[in-house]
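**Q** got a sequence here, can you model it:
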Amino acid sequence: MQSLKSFLLSFSFSFFCLSLIVMATVLWVSPFARPQEAPAQSYISIPEEEDSITVFAVLAEESASCFSVISFQPRAGTVALWTFPPDTVINGEILGSVWAENPALAMNLLSAYLELPIERWAILKNQDVVELVDLFGPVSVTLTQPLTWHQASLSVTLEPGLHQLNGEEILHYLQASPDPQEYARRAAVLLQQLINQAMPLAASEQAQTLFQQLLEHMETDLSTADYDRCHNSIAFMAQLVNSPAVIQ
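**A** Numbers count the residues shown, from 1 in each chain. Now for the predicted structure:
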């Protein structure tokens, strides 16, 4: 009986010592075994009025398909969006006809109509849309009727329902409606989704590279000077607001 008690005491003491050794080893090794993750890049900025920037964007091949005004307003925490079909009449003037004769006058016409300074312009062709959607997409679209197009010798059909569309599919979706008003509505939803999906990247280390890629997919007077002026405030807004793009 005495030997059994001695054995149990010795076993308990040995187990206790072993536990202390294991704990000491974990405390010593863990700081080296698990390096701290680098903190996420963050921005702190107090947006000013001059940090806002508004762009007049036109989707056009031989003629304009849709006009958009995109206004980044960090102080308000929003990206305001307007889209207009070419047959929009403003003060007796047809917007598409004004743009065909003088793009600058069309931009001024919209600026006066919206009572909003428009500083920059951008022109995108169909292929630019495809590449930008592939860069920042895909885009979620709920089809209310089948969407069919021909590709080479094949006929492709997407059934009604929710779909994640790539650039080529988005282009077919935009062009499927002959109604200019519906085209503009679809373009507004596309812009809203792309901006909301891309905004978190404004606070990433890739932001400037992505901005340069954006410029490569359009004809525009936007420049790196605009990026330098507005980036901190827009990145700060992206950290605070999940989906800032709002269709007006």
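**Q** which elements pack onto the helix or strand where A225 lies?
**A** Assigning secondary structure by DSSP states H and E places A225 in helix 224-240. Applying 3 or more C-beta pairs under 8 Å, 6 or more residues apart in numbering; DSSP states H and E, one finds that helix 224-240 contacts strand 53-60, helix 207-216. C-beta here means a position set from N, CA and C on the backbone, and glycine is covered the same way.
**Q** note down every partner strand of whichever helix or strand comes after that helix and its orientation.
**A** Toward the C-terminal end, the helix or strand that comes next after helix 224-240 (DSSP H and E) is strand 245-247. According to DSSP bridges, strand 245-247 forms sheet pairs with strand 78-84 (parallel).
**Q** residue nearest the centroid of this structure?
**A** The residue lying closest to the centre of the chain (C-alpha atoms, centre = their mean) is A198, at 2.0 Å.
**Q** for that residue, which non-adjacent residue is closest in space?
**A** Using C-beta to C-beta, 6 or more residues apart in numbering and skipping the chain neighbours, the partner closest in space to A198 is F136 (4.5 Å).
**Q** quick check, the one you found in contact with L194.
**A** Yes. Counting by C-beta atoms under 8 Å, L194 is a contact partner of F136 at 5.2 Å.
**Q** buried set for the helix holding A225?
**A** Across helix 224-240, burial judged by 16 or more other C-beta atoms under 10 Å covers D226, Y227, C230, H231, N232, S233, I234, A235, F236, M237, A238, Q239.
**Q** and the nearest residue to the last one once chain neighbours are set aside, how many neighbours?
**A** It stands for Q239. The shortest distance from Q239 to any non-neighbouring residue, by C-beta to C-beta, 6+ apart, is to A203 (5.4 Å). Around A203 there are 20 other residues, counting by other C-beta atoms under 10 Å.
**Q** which parts of the protein are strands?
**A** Applying DSSP state E to the chain gives strands spanning 53-60, 64-73, 78-84, 89-90, 93-94, 120-124, 139-143, 147-151, 154-158, 161-165, 219-220, 245-247.
**Q** if I pick A238, what's in contact with it?
**A** M199, P200, L201, A202, A203, P244 (C-beta atoms under 8 Å, 6 or more residues apart in numbering).
**Q** meant to ask about D128
**A** H217, M218.
**Q** try it again with 10 Å
**A** Going by C-beta atoms under 10 Å, 6 or more residues apart in numbering, D128 touches L59, A122, G167, L214, E216, H217, M218, E219.
**Q** can you check V246 too?
**A** Listed by C-beta under 10 Å, 6+ apart, the contact set of V246 reads S71, Q73, A76, G77, T78, V79, A80, L81, Q192, I195, N196.
**Q** so where's this structure uncertain?
**A** When residues are selected by pLDDT under 70, those of the chain lie in 1-45, 47.
**Q** and it, what are its domains?
**A** Residue ranges for the domains of the chain, per automatic domain parsing: 1-36, 49-247.
**Q** which one of those is the most hemmed in?
**A** Greatest average neighbour count among those goes to domain 49-247 (a mean of 16), per mean count of other C-beta atoms under 10 Å.
**Q** right, and the residue nearest to A198 touches I170 too?
**A** No. At 11.2 Å, F136 does not count as touching I170 under the criterion of C-beta atoms under 10 Å.
**Q** shared neighbours, these two?
**A** Common contacts of F136 and I170 (C-beta under 10 Å, 6+ apart): Q193, L194.
**Q** other residues contacting stretch 91-108?
**A** With C-beta under 10 Å, 6+ apart, stretch 91-108 has contacts from 55-56, 58, 60, 63-67, 69, 84-90, 109-110, 112-113, 118-121, 123, 180.
**Q** what about it, distance to the chain center?
**A** Its chain's C-alpha centre and that of stretch 91-108 lie 29 Å apart, by C-alpha atoms, centre = their mean, to the nearest Å.
**Q** tell me who's in contact with L135.
**A** Shown in contact with L135 (C-beta under 10 Å, 6+ apart): G167, L194, A198, L210, Q213, L214, E216, H217.
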